[in-house]
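1. need a structure here:
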Amino acid sequence: MTGAKFTANVAFAAILAASAGSLPAAAQDRTEFRIAWSIYVGWMPWGYLSDSGIMDEWAERYGISVEIVQFNDYVESINQYTAGAFDGVSATNMDTLSIPAGSGVDTTALIIGDYSDGNDAVIMKGAGTLADLAGKRVNLVELSVSHYLLARGLDSVGLSERDLAGLVNTSDADMIAAFSTPDVEAVVTWNPLVSEITATYPEANILFESSEIPGEILDLMVVNTEVLEANPDFGRALVGAWYEVMALMAEGDEEVLSALAEASGTDLAGYKAQLEATRMFFDPAKAADQARSSDLPGTMTNVAEFLFEQDILGVGAPSADFIGIEYPDGTVTGDPENIRFRFDASFMQMAADGDL
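-> This is a model prediction of the structure:
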């Protein structure tokens, strides 16, 4: 990874931080909202919510409208949210901390949808183990959870990023095409890309996957905290619509599951296989419990330390404690004077209690 990459990242973060200064005006009481999402097994319901009209029904219940926009590039969707173009976005816990929170945008984890339990993987061409990555170049979405997974995997065999020939920053939209080229030796990515790569290329060899670090890669719907506080019905509508679809999925509704499969570019069997590698929280009570988990502060501390080591925990972050992260019981890890990431169990609990 080059210094130029870091410099560009910091410069971009500074631009985003400047644009974030205009966000409070957008947080006023309003009726129109936008959220962004990208292709991933656990986030496919957002597309279905839009296409099926379920989101519209819940929005109308609260006298608002919610536009759901799909992005083909995951990082770009988060960048657009951070710049203020959207009120919410599907993102992981790590990427929320590094991009919007790190850029000064106060962000709340409204829904914990799942955690990756095998959906993220390090894949090499040909036989070998993690130790055989030494001296090889690895393609991934740099500074994303793929980067984190690779670091965790390398550490498990006594290696570090310095032992690689280098990293190649590759958009998730380009990952499958990249794997097909002869100069690509290994990739780190997520489903449905993992499934497509392993099904298409017999030489694809999974070396390490997220099931080996359970609960560390959380898949969320995060929203702007000021927008949520000024417009709680926005949160209620999102959560209500989400758990209506979760109930259908939990029942095994094949019409819904087939629609999700088709949208993600696979068939019903393929989508079910991806779900097996995903610890979905169909039950809002269990999702709320995950937000209140005693393990979460430790996980987020580890994530913050990784980001700080990579020089991407906010502009000019002096330590891994630079950004404060608040949990449902009010405890904080990091700087309590700079809280920019919040885990809120209250809306999920409303769904569990039937109070939406």
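
2. Quick check: closest non-adjacent residue to residue 218.
-> With Cβ to Cβ, 6 or more residues apart in numbering as the measure, residue 93 is the residue that lies nearest to residue 218, at 4.2 Å, once sequence neighbours are left out. Bear in mind the C-beta positions are built from the backbone N, C-alpha and C, glycine included.

3. Going by neighbour count, which residues of stretch 311-319 are buried?
-> 311, 312, 313, 314, 315, 317 (16 or more other Cβ atoms under 10 Å).

4. could you say what helices and strands the one helix or strand residue 113 maps to packs with?
-> Here residue 113 sits within strand 107-116, counting by DSSP states H and E. Packed against strand 107-116, as judged by 3 or more Cβ pairs under 8 Å, 6 or more residues apart in numbering; DSSP states H and E, are the following elements: helix 93-98, strand 218-224, helix 225-230, helix 232-250, strand 278-280, helix 284-291, strand 339-343, helix 346-353.

5. neighbouring strands for that strand, and are they parallel or not?
-> Each strand paired with strand 107-116, and its direction, by DSSP bridges: strand 218-224 (antiparallel), strand 278-280 (antiparallel), strand 339-343 (parallel).

6. coming back round to it: tell me if I'm right that the residue nearest to residue 218 and residue 109 touch.
-> Yes - the criterion here is Cβ atoms under 8 Å, and residue 93 meets it with residue 109 at 7.3 Å.

7. what is in contact with these two at once?
-> For the pair residue 93 and residue 109, residues contacting each of them under the criterion Cβ atoms under 8 Å, 6 or more residues apart in numbering are 218, 220.

8. separation between residue 135 and residue 47?
-> When distances are taken as Cβ to Cβ, to the nearest Å, residue 135 and residue 47 turn out to be 40 Å apart.

9. which regions of the chain sit below the pLDDT cut-off?
-> Applying pLDDT under 70 to the chain flags the ranges 1-27.

10. can you list the domain ranges for it.
-> According to the domain assignment given by automatic domain parsing, the chain is divided into the following structural domains: 3-115+217-353, 120-212.

11. any idea how far the first one is from the chain center?
-> Averaging C-alpha positions (Cα atoms, centre = their mean, to the nearest Å) puts domain 3-115+217-353 7 Å from its chain's average.

12. could you measure residue 92 against residue 125, distance?
-> According to Cβ to Cβ, residue 92 and residue 125 sit 26 Å apart.

13. which of the two has more neighbours?
-> Taking neighbours as other Cβ atoms under 10 Å, residue 92 and residue 125 compare with residue 92 leading, 27 against 16.

14. that older thread, for the residue nearest to residue 218, which residues are in contact?
-> When the contact criterion is Cβ under 8 Å, 6+ apart, the partners of residue 93 are 109, 217, 218, 220, 299, 300, 303.
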